[in-house]
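Novice: What follows is a predicted protein model with its sequence.
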Amino acid sequence: MTTEPPLLLALDFTGTFAFALNGALTAVRAARLDIVGVVALGMITALGGGILRDVLIDSVPPAAFRDWRYLVLAAGGGLVAFALSQWLHRLEVPINVLDAIGLSTFAVIGASKALGAGLGIGPAIILGAITGVGGGTIRDTLVRRIPSVLRSDLYAIPALIGAAVTVGAIRADLYGVPAALAAVAACFTVRMIGVHFGLQAPAPPGRRD
Amino acid sequence: MTTEPPLLLALDFTGTFAFALNGALTAVRAARLDIVGVVALGMITALGGGILRDVLIDSVPPAAFRDWRYLVLAAGGGLVAFALSQWLHRLEVPINVLDAIGLSTFAVIGASKALGAGLGIGPAIILGAITGVGGGTIRDTLVRRIPSVLRSDLYAIPALIGAAVTVGAIRADLYGVPAALAAVAACFTVRMIGVHFGLQAPAPPGRRD
Amino acid sequence: MTTEPPLLLALDFTGTFAFALNGALTAVRAARLDIVGVVALGMITALGGGILRDVLIDSVPPAAFRDWRYLVLAAGGGLVAFALSQWLHRLEVPINVLDAIGLSTFAVIGASKALGAGLGIGPAIILGAITGVGGGTIRDTLVRRIPSVLRSDLYAIPALIGAAVTVGAIRADLYGVPAALAAVAACFTVRMIGVHFGLQAPAPPGRRD
């Protein structure tokens, strides 16, 4: 089991469920899949980033396999998406909000765990972002899409910001629930501003769009 | 070296060779590859699922790198497929049977190793299935196909059944060679019934086929 | 930090930067990416092979996360490629040479680390080659290309040769900076001969080209 404080844990569970739901819906849209594919891709989206992180900081078996609640929430999100995909496609706004909560919480918890495993500032920030974006990247690769985090939207950048605020607070000895929530809020706000205004990260100079 | 009883070990070796052969043939059909690509994809198909499992239960270096017989069988299967691909394509039925033996043995041994590493029931069943389907999934992704396990056929479901029977037998203190063979037989039978009757896992409701 | 002798370390750093540069340029050409995608793919190309190796020999956190110089060089290479991609595309020859230095050094250091972690001869040679070709393979998969190492050019074969010379020298108790440089030179020479003459590894018999 985990030692996160209850509020962070609740956000983490919300994020896991939202990532599984959103990941499975994206998979349904992108490829012709059966129930195994939809649920598996939902679970991979929800758990893949954390598993990557845990393997890289030598915290195996990964939390996703040690705490049954992650597995149940991820499978549940995938099954709900499978059953209700026709109806859920209309709920773009709430799903985007839940997904941003997941991204933010995963980046903050991931950065904090990476620092706790003895990594330096730079690697901890990167691992925080990997925790946030890793699951969706594996899913996109499996359904043969170029991962959207590599090509469009502000998605990795808010995750890097949330992870950096976390690492800064821990190094300044200010970390606790308020600082973690501030880091979550920083990532969430940048992400939602990006969604609302359709902001894009810069493209290579000279590319014809 | 491994501690599996001889009969299970023989099935495991058969499965490794069959996965390499079948994986390499699938790779030849799906993409223009050279000898490096064909043999590498055969080896990845045969060894990838077990390597994923070993990384996730912290049993590294993986068995595939500790017991030279796995590496030799996997490379041999890939080389045979490279040399005889034109001829082997006609042998669909025996290759399907050998592949089902591999799937079944991998799922059973994978689930048993995962439980032995201290995982709970759910994660052990999932890791058993990952052991069975992981190699083919990596191969499909590398040759830019949506992994067939996600979209068609009964492939993951028999693996989950074999892994569940294994975990059940171990938890009931009934595990041994007979129970392992029963679990292998359960997976094998469901898989071959699926192949014979062309059974499919359910698709999301409302999908136009 | 690492314990490689200064000359090997300098080659390793050169290779890391060159892989990041070349990896990011390939990514720019293959897909429409933003700055996050270009830099991330450059870093994955430069660090992915070594991270795979470190995970498989249980040397985690990987060197790429323990020695900040790898991360800085990889990010720097990706950023330079992002800023100067229009101009760098003309520099095919020097980039190919730098890339071959990276391939050679990575294969030699990878094989030596794998042997040091207790692996046998065969697995150490294979892990050396994986260190050399792994990063580019992950990058190609993420931008939805069939990894070039699987289909064309002499790329994996020189890496296997460099790794085999390394493993042979270590087992014969002849390893040191001269032997390591000889192994690097063997891989580099075969790779450059392959590039110069457009050599290809054999394709499966009967394939219509």
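Specialist: Thanks, I have the structure now.

Novice: Contacts only, for A:Phe188.
Specialist: Residues in contact with A:Phe188 (CB atoms under 8 Å, 6 or more residues apart in numbering or on different chains) are A:Ala100, A:Ile101, A:Leu103, A:Ser104, A:Pro158, A:Gly162. Placement of C-beta: from N, CA and C, glycine included.

Novice: what secondary structure does it sit in?
Specialist: Under the three-state scheme (DSSP: H, G, I helix; E, B strand; the rest coil), the conformation of A:Phe188 reads as helix.

Novice: what's the answer for A:Asp173, then?
Specialist: Local secondary structure at A:Asp173 is given as coil here, using three-state DSSP.

Novice: And A:Gly206, by the same measure?
Specialist: When classified by three-state DSSP, A:Gly206 comes out as coil.

Novice: which stretch of helix or strand covers the closest residue to it other than its chain neighbours?
Specialist: Excluding the flanking residues, the one nearest A:Gly206 by CB to CB, 6 or more residues apart in numbering or on different chains is C:Gln86, at 4.6 Å. Using DSSP states H and E, C:Gln86 sits within helix C:68-88.

Novice: list the helices and strands the helix or strand just after that helix packs on?
Specialist: Under the assignment DSSP H and E, the closest C-terminal helix or strand after helix C:68-88 is helix C:92-116. Contacts defined by 3 or more CB pairs under 8 Å, 6 or more residues apart in numbering or on different chains; DSSP states H and E place helix C:92-116 against helix C:6-30, helix C:35-56, helix C:121-142, helix C:156-171, helix C:177-197.

Novice: Buried residues of the shortest one, list them for me.
Specialist: Counting neighbours by 16 or more other CB atoms under 10 Å in any protein chain shown, one finds that the buried residues in helix C:156-171 are C:156-170.

Novice: got it, and the third one?
Specialist: Neighbour counts over helix C:121-142 (16+ other CB under 10 Å) mark C:121, C:123-142 as buried.

Novice: Of these, which are in range of chain B?
Specialist: Under the cut-off given by CB under 8 Å from any CB of the partner chain, chain B has C:Pro123, C:Ile126, C:Leu127, C:Thr137, C:Thr141 from these close to it.

Novice: Quick check: pLDDT value at the first one.
Specialist: The per-residue pLDDT reported for C:Pro123 equals 96.

Novice: Same question for the fourth one.
Specialist: The confidence metric pLDDT takes the value 94 at C:Thr137.

Novice: Could you pull up the residues touching it?
Specialist: Under the criterion of CB under 8 Å, 6+ apart, the neighbours of C:Thr137 are B:Leu142, C:Gly48, C:Pro147, C:Val149, C:Leu150.

Novice: ok, which residues in chain A are in contact with chain C?
Specialist: Proximity of chain A to chain C (CB under 8 Å from any CB) is limited to residues A:55-58, A:117-120, A:122-123, A:126-127, A:137, A:141, A:144-147, A:149-152, A:155-157, A:200-207, A:209.

Novice: just the buried members of those?
Specialist: With burial judged by 16+ other CB under 10 Å, the buried subset of the residues of chain A next to chain C is A:55-58, A:117, A:119-120, A:123, A:126-127, A:137, A:141, A:144-147, A:149-152, A:155-157, A:201, A:203-204.

Novice: And A:Val67, how close does it get to A:Gly15?
Specialist: Check again: residue A:67 is Asp, not Val. When distances are taken as CB to CB, to the nearest Å, A:Asp67 and A:Gly15 turn out to be 14 Å apart.

Novice: which of these two has more neighbours?
Specialist: For the pair A:Asp67 and A:Gly15, the greater number of neighbours falls to A:Gly15 (25 against 18), based on other CB atoms under 10 Å in any protein chain shown.

Novice: who's in contact with A:Met192?
Specialist: If you count contacts by CB under 8 Å, 6+ apart, A:Met192 has them with A:Asn96, A:Val97, A:Ala100.

Novice: Quick check: the gap between it and A:Ala100.
Specialist: Where A:Ala100 is concerned, A:Met192 sits at a distance of 6 Å (CB to CB).

Novice: surely A:Ile125 meets A:Ala111?
Specialist: Yes - here A:Ile125 lies in contact with A:Ala111, judged by CB atoms under 8 Å, at a distance of 6.0 Å.

Novice: who touches the residue in chain A that chain C sits nearest to in this structure?
Specialist: Closest residue of chain A to chain C, CB to the nearest CB: A:Leu150 (3.1 Å). For A:Leu150, the contacting residues are A:Thr137, C:Ala27, C:Ala31, C:Leu33, C:Asp34, C:Val36, C:Gly37, C:Ala40, C:Leu41, C:Leu142, C:Val143, by CB under 8 Å, 6+ apart.

Novice: hmm, back to that, top of the contacts of A:Met192 by number of neighbours, please.
Specialist: Across those, neighbour numbers were computed from other CB under 10 Å; A:Ala100 holds the maximum, 23 neighbours.

Novice: A:Gly120 contacts C:Asp67, doesn't it?
Specialist: No - using CB under 8 Å, A:Gly120 makes no contact with C:Asp67, being 9.4 Å away.

Novice: Can you give me the buried ones in stretch A:79-90?
Specialist: Neighbour counts over stretch A:79-90 (16+ other CB under 10 Å) mark A:Leu79, A:Val80, A:Ala81, A:Phe82, A:Ser85, A:Leu88 as buried.

Novice: which two in these are spaced the farthest apart?
Specialist: When these are compared pair by pair using CB to CB, the two farthest from each other are A:Leu79 and A:Leu88, 12.1 Å apart.

Novice: So which bits of chain A are right by chain B?
Specialist: Residues of chain A lying close to chain B by CB under 8 Å from any CB are A:27-28, A:31-38, A:40-41, A:51, A:55, A:58, A:60-62, A:64-66, A:68, A:71-72, A:82-83, A:85-86, A:141-144.

Novice: name the helices or strands packed onto the helix holding C:Gln86?
Specialist: Applying 3+ CB pairs under 8 Å, 6+ apart, one finds that helix C:68-88 contacts helix A:121-142, helix C:6-30, helix C:35-56, helix C:63-66.

Novice: Counting by contacts, list what the second one packs against.
Specialist: What it means is helix C:6-30. Helix C:6-30 sits against helix C:35-56, helix C:68-88, helix C:92-116, helix C:121-142, helix C:177-197, with contacts defined as 3+ CB pairs under 8 Å, 6+ apart.

Novice: do the third one as well
Specialist: If you count contacts as 3+ CB pairs under 8 Å, 6+ apart, helix C:35-56 packs onto helix A:35-56, helix A:156-171, helix B:35-56, helix C:6-30, helix C:63-66, helix C:68-88, helix C:92-116, helix C:121-142.

Novice: for those, which one sits closest to B:Ala183?
Specialist: Ranking those by proximity to B:Ala183 (CB to CB) places helix B:35-56 first, at 16.2 Å.

Novice: what pLDDT, on average, does the closest one get?
Specialist: Looking at helix B:35-56 alone, the average pLDDT works out to 96.

Novice: And for stretch A:198-209?
Specialist: The predicted model assigns stretch A:198-209 a mean pLDDT of 77.

Novice: Can you name the residue of chain A nearest to chain B?
Specialist: Closest point on chain A to chain B, by CB to the nearest CB, is A:Gly37, at 3.1 Å.

Novice: That residue contacts B:Asp153, doesn't it?
Specialist: No - in this structure A:Gly37 lies outside contact range of B:Asp153 using CB under 8 Å: 10.9 Å.

Novice: For those two, indicate the residue with more neighbours.
Specialist: Counting neighbours by other CB under 10 Å for A:Gly37 and for B:Asp153 shows that A:Gly37 has the greater number, 29 against 18.

Novice: Name the nearest residue to the more buried one, ignoring sequence neighbours.
Specialist: With sequence-adjacent residues excluded and distances taken as CB to CB, 6+ apart, A:Gly37 is closest to B:Leu150, at 3.1 Å.

Novice: Please tell me how far the one you found sits from C:Ala20.
Specialist: As for B:Leu150, its distance to C:Ala20 is 32 Å (criterion: CB to CB).

Novice: Could you list the low-pLDDT ranges of chain A?
Specialist: When the per-residue scores of chain A are filtered using pLDDT under 70, the ranges that remain are A:1-3, A:207-209.

Novice: rerun at 80
Specialist: For chain A, residues meeting the criterion pLDDT under 80 lie at A:1-4, A:89, A:92, A:152-153, A:206-209.

Novice: Right, I'll call it a day here.
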